[in-house]
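[1] return a 3D structure for these sequence lines:
(chains A and B)
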Amino acid sequence: MDVLILSRIQFAFTVAFHYIYPPMSIGLGVFLVVMEFLYLKTNNPIYEKIVRFWVKIFALTFALGVATGIVMEFEFGTNWATYSRYVGDVFGSALAAEGIFAFFLESGFLAILVFGWNKVSKKVHFISTIMVALGAHLSAVWIVVANSWMQTPAGFHIVGEGLNARAEIVDFWAMVFNPSSIERLTHTLGGAWLTGAFLVISVSAYYLLKNKHLEFSLKSLKIGFIIALVASLFQLITGHSSAKQVYEYQPAKLAAFEGHYETTKGDLYLIGWVDEKNQNTVGIKIPGLLSYLLFNDFEKPVTGLNEFKKEDRPPVNIVFQTYHFMVGIGFLLILLSILGLYLTLKNKIADNKTFLFVSVFSVILPHLANQLGWMSAEIGRQPWIVYNLLRTKDALSKSVDGNEVMFSLILFTLIYVLLFILFIYLLDKKIKSGPDNLKASYDVYTEKPNIIKS
Amino acid sequence: MYEFLDLNITWFILVGILLTGYAILDGFDLGIGILHLFVKGDINRRIMINSIGPVWDGNEVWLVTGGGALFAAFPEVYASVFSGFYVAIMLVIFVIIFRAVAIEFRSKNPSPRWRTAWDWAFSLSSLFIALIFGVALGNIILGVPLSADKEIYISFWELLNPYAILVGITTVALFTMHGAIYGVLKTEGELQQKLKSWVNNTIIFFVICYVSTTMVTLIYIPRMVEVFKSHPYLFVIAIINMLVIANIPREIYHNREFRAFISSCFSILFLLVLFAIGNYPYIVFSNISNEFSLDIYNAASSRKTLEVMFTMALIGIPFVLAYTISIYWIFRGKVKIDSMSY
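    Below is the predicted model of the structure:
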């Protein structure tokens, strides 16, 4: 296989795997801040138990997020050197900002969050929790800014020609607040909050099903469902404004979202299939709704894919499918959140085994939505790596050959599969041992201190 | 903005500070990792891991930020080196992942086999990271086949030349010494005695490597010493460096571990300063033709980016220093294992 395909597979695979973890850290960060705030306010030890339990899981997801995140930072240089030369001036500064403003904050205070219980006062610990959550959000800010610049470049000019052309910053703030930054950032963060909330919901529901840790679980569920409801409704708003913004700046992508070829009034598909060969989309649709959502007018024409040259169009069906499944999951999450919050507030949730059972598995939904949403955003950007400026196929490293990428791709696959199995194994173990056994799980296999066998 | 400054030199120094910060901070935790397998008994190994527990990922952030700063300030270097050293960089990435996971996973399961397996992963990955960063540095000193299109065409095996391996081993020796001293600082009782007895051996090992590397460099890589010939006062740095290294066993002898550790930090700093001075103004030296070399001007970003980033650095650095110092202050003293430890 050629370098282009392999490099794209490798980047997609490593970024998808990486993106399992940061949304969990961001979402759990919000949950921990709320819980520790309640602990300080009420002094109820159950909240401390909740915080201590989830801090452990936070640390696990954070470590995997860091380890797999370093890969991403290096991979621009290793596999996409031409891209790196082209955008270093712009893209590099966002990455450097992420390091200096987000990672140092996050990793520094994480030490206190995890290991500092006996070293600092409760208040300082709470501040550390806020700082870690803030750091996690800031890192999302900078990386989404960098990515949004690839979607809707702004604040730059092109210097040089042909192979020596590169983008240089002329207006830093225009680069940071490029046309899609805000919409994409808010939508990404909303997804992360949902991911954290449903992780908490899933684990708490599992405990209730097993009739264990009742107070712990009910308190967690209440906060979990509140965050989930707020976040899922927030996603409705940010999703809507994202779509409008995509239409304005990346109309080919929006057309691919709905498999819309002819520039006529836009229909909204609930489910469907795009036959790319015959440029035909079939499925259950609501006529004119896409036009209405974009323009408040059921009849106004929406730019179709036919307005774009074949070589400038993204792959359509996969973008259509990933987009529609994401939206579908979004509505499902709203439904689950409303139902869950209602049952929790009415004190009926512990008896509703069916809903608890569904809740246990609900954890997978936000993850799926995150992955599918990113796929539609990034595949929808194709064939460009920087929209309308640089094509993905022209962005590769010249000094890297197919065998080398094959080698790294195979190793990544093996290592990540192993990591994922271990992560699930440890998570499962931690959840099963529960919040009461924090100590027990650690001290089973220890010897007396300072006996050195040599 | 900043008209009074040559921002290319400034960024050469700032990227240097970030990578030196990485070498000093991650240096001791890689050293702890290298020594880890020599420490016997589960509780002692837990003490070793927990001695770096609260700080190791913060230390790695220096590398991440250094990488980001290199990308932003000198994108040509970032692109050429990372793609040119593809296989080596990939191996480092894999090993960094394994190490992070080993630290995080090791104590989460009581099974002795589980823990032993992760002990090996932790230790070997620490050794390998130190070695490969040293090998990379060795190749940069030696010069690489950087051609007119700014690409480095070199195979992984060509990176493993004798000089680069020598620098690699020296780096391992340096970090092992650094880690042993840090270990003495963080432990007590028999484990501390054990580590203390290793410090002197690691110093001897390092000094032998250091002297050999210096001799080979002086003889075979004249470009690294040209600037010292033309600016003889720079020899002062080389002399201070030797004094700092010689001070380490003296402080250890007097049981002043903290001062020994500070000395060891400074020896890493001065070694890298010597490298940077010798290499200046080049960042990546081409052994094909000097005109293909990437220096601090032809590899840099636009003036505007360097300005923006300098503002960021001015805002960010006080915070970074404040976090770093507070974390080391809060977690000062001997390691105590509790329920939240690794």
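
[2] quick one: low-confidence parts of chain A?
    Applying pLDDT under 70 to chain A flags residues A:1, A:437-454.

[3] how about the contacts made by whatever residue of chain B ends up closest to chain A?
    Residue nearest to chain A within chain B (Cβ to the nearest Cβ): B:Pro75, separated by 2.2 Å. (C-beta placed from N, C-alpha, C; glycine too.) Residues counted as contacts of B:Pro75 (Cβ atoms under 8 Å, 6 or more residues apart in numbering or on different chains) are A:84-85, A:87-89, A:92, B:299, B:301.

[4] apart from its chain neighbours, what residue comes closest to residue 307?
    In the absence of a named chain, this looks at chain A. A:Thr263 (6.0 Å; Cβ to Cβ, 6 or more residues apart in numbering or on different chains).

[5] the intended chain is chain B.
    B:Met1 (4.8 Å).

[6] next one, pLDDT for that neighbour please.
    According to the prediction, B:Met1 has pLDDT 78.

[7] can you tell me the SS state at it?
    coil (DSSP: H, G, I helix; E, B strand; the rest coil).

[8] you'd agree it is up against B:Met309?
    No. The criterion here is Cβ atoms under 8 Å, and B:Met1 misses it with B:Met309 at 11.3 Å.

[9] chain A contacts on the stretch 151-300 of chain B?
    For the stretch 151-300 of chain B, the residues in contact with chain A (Cβ under 8 Å from any Cβ of the partner chain) are B:151-153, B:189-191, B:194.

[10] for A:Lys277, give me the backbone phi and psi.
    Dihedral pair for A:Lys277: phi -60, psi -50, per degrees, to the nearest 10.

[11] should've said A:Tyr269
    Torsion angles, degrees, to the nearest 10, at A:Tyr269: phi -90, psi 140.

[12] confirm that A:Glu168 sits in a strand.
    Yes. Per three-state DSSP, A:Glu168 lies within a strand segment.

[13] can you get me a residue count around it?
    18 (other Cβ atoms under 10 Å in any protein chain shown).

[14] and if you look at B:Phe266?
    19.

[15] and it, what element?
    B:Phe266 belongs to helix B:257-279 when assigned by DSSP states H and E.

[16] what do you get for B:Thr305?
    With DSSP H and E as the test, B:Thr305 turns up in helix B:303-330.

[17] average pLDDT for that helix?
    Across helix B:303-330, pLDDT averages out at 88.

[18] re the thing from before, ok, B:Met1 and B:Met309, which is more surrounded?
    Taking neighbours as other Cβ under 10 Å, B:Met1 and B:Met309 compare with B:Met309 leading, 27 against 12.

[19] contacting residues for the more buried one?
    A:93, A:96, B:11, B:69, B:72-73, B:301.

[20] surely A:Val282 is in a helix?
    No. When three-state DSSP is applied, A:Val282 is found to be strand, with no helix at that position.

[21] out of the residues of the stretch 151-300 of chain B next to chain A, which sit inside helices?
    Cross-referencing these against helices under DSSP state H gives B:189-191, B:194.

[22] most neighbours of all those residues, which one?
    B:Leu191 (26 neighbours).

[23] state the number of residues packed around the residue lying closest to that one once chain neighbours are set aside.
    Taking Cβ to Cβ, 6+ apart, and ignoring the residues beside it in sequence, B:Leu191 has B:Asn44 as its nearest neighbour in space, at 5.0 Å. By other Cβ under 10 Å, 22 other residues sit near B:Asn44.

[24] what about B:Asn44, which helix or strand?
    Judged by DSSP H and E, B:Asn44 forms part of helix B:42-52.

[25] quick one on the thing from earlier: in a markdown table, list the contacts of B:Met309 along with secondary structure, distance to A:Ala16 and neighbour count.
    Converted to a markdown table, those look like this (DSSP: H, G, I helix; E, B strand; the rest coil; distance: Cβ to Cβ, whole Å; neighbours: other Cβ atoms under 10 Å in any protein chain shown):
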| residue | secondary structure | distance to A:Ala16 | neighbour count |
| --- | --- | --- | --- |
| A:Ser93 | helix | 26 | 29 |
| A:Ala96 | helix | 24 | 30 |
| B:Trp11 | helix | 34 | 24 |
| B:Ala69 | helix | 27 | 28 |
| B:Ala72 | helix | 26 | 29 |
| B:Ala73 | helix | 30 | 31 |
| B:Ser301 | coil | 30 | 27 |
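
[26] and those as JSON lines, adding distance to B:Arg115?
    Putting the contacts of B:Met309 into JSON lines (distance: Cβ to Cβ, whole Å) gives the following:
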{"residue": "A:Ser93", "distance to B:Arg115": "43"}
{"residue": "A:Ala96", "distance to B:Arg115": "38"}
{"residue": "B:Trp11", "distance to B:Arg115": "44"}
{"residue": "B:Ala69", "distance to B:Arg115": "37"}
{"residue": "B:Ala72", "distance to B:Arg115": "41"}
{"residue": "B:Ala73", "distance to B:Arg115": "42"}
{"residue": "B:Ser301", "distance to B:Arg115": "46"}
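
[27] which two of those have the greatest separation?
    The largest separation in these, counting by Cβ to Cβ, is between A:Ser93 and B:Trp11 at 11.5 Å.

[28] buried ones in the helix holding B:Thr305, by neighbour count?
    Neighbour counts over helix B:303-330 (16 or more other Cβ atoms under 10 Å in any protein chain shown) mark B:304-310, B:312-313, B:316, B:320, B:323-324, B:326-327, B:330 as buried.

[29] on that earlier part again, so which of the contacts of B:Pro75 sit within helices?
    Counting by DSSP H, the contacts of B:Pro75 contribute A:84-85, A:87 to helices.

[30] who wins on neighbours among those?
    Within these, A:Val87 tops the neighbour count with 28 neighbours, counted by other Cβ under 10 Å.

[31] so that one touches A:Ile169, yeah?
    No. Using Cβ under 8 Å as the test, A:Val87 is too far from A:Ile169 to be in contact (10.3 Å).

[32] helix or strand: which one has residue 243?
    In the absence of a named chain, this looks at chain A. Per DSSP H and E: helix A:214-249 holds A:Ala243.

[33] should've been chain B
    Here B:Leu243, judged by DSSP H and E, is contained in helix B:235-253.

[34] got the contact list for that helix?
    Residues from elsewhere that reach helix B:235-253, judged by Cβ under 8 Å, 6+ apart: B:177, B:181, B:184, B:196, B:199-200, B:203, B:206-207, B:210, B:228, B:257, B:259-260, B:263-264, B:266-267, B:270-271, B:273-274, B:277.

[35] just the buried members of those?
    Applying 16+ other Cβ under 10 Å to the contacts of helix B:235-253 flags B:177, B:181, B:184, B:196, B:199, B:203, B:206-207, B:210, B:228, B:257, B:259-260, B:263-264, B:266-267, B:270-271, B:273-274 as buried.

[36] how about the helices in the stretch 251-400 of chain A?
    For the stretch 251-400 of chain A, helices defined by DSSP state H, counting those that start in this stretch occupy the ranges A:251-257, A:289-295, A:316-345, A:353-362, A:364-379.

[37] next, the buried residues of the last one.
    By that I understand helix A:364-379. A:365-367, A:369-379.

[38] nearest to B:Asp6, of those residues?
    Of those, the one sitting nearest to B:Asp6 (Cβ to Cβ) turns out to be A:Glu378, at 39.3 Å.

[39] what's the nearest residue to that closest one if we skip its chain neighbours?
    Going by Cβ to Cβ, 6+ apart, A:Glu378 has A:Ala12 as its nearest residue, at 7.8 Å.

[40] okay, and that neighbour sits in which element?
    helix A:3-18.
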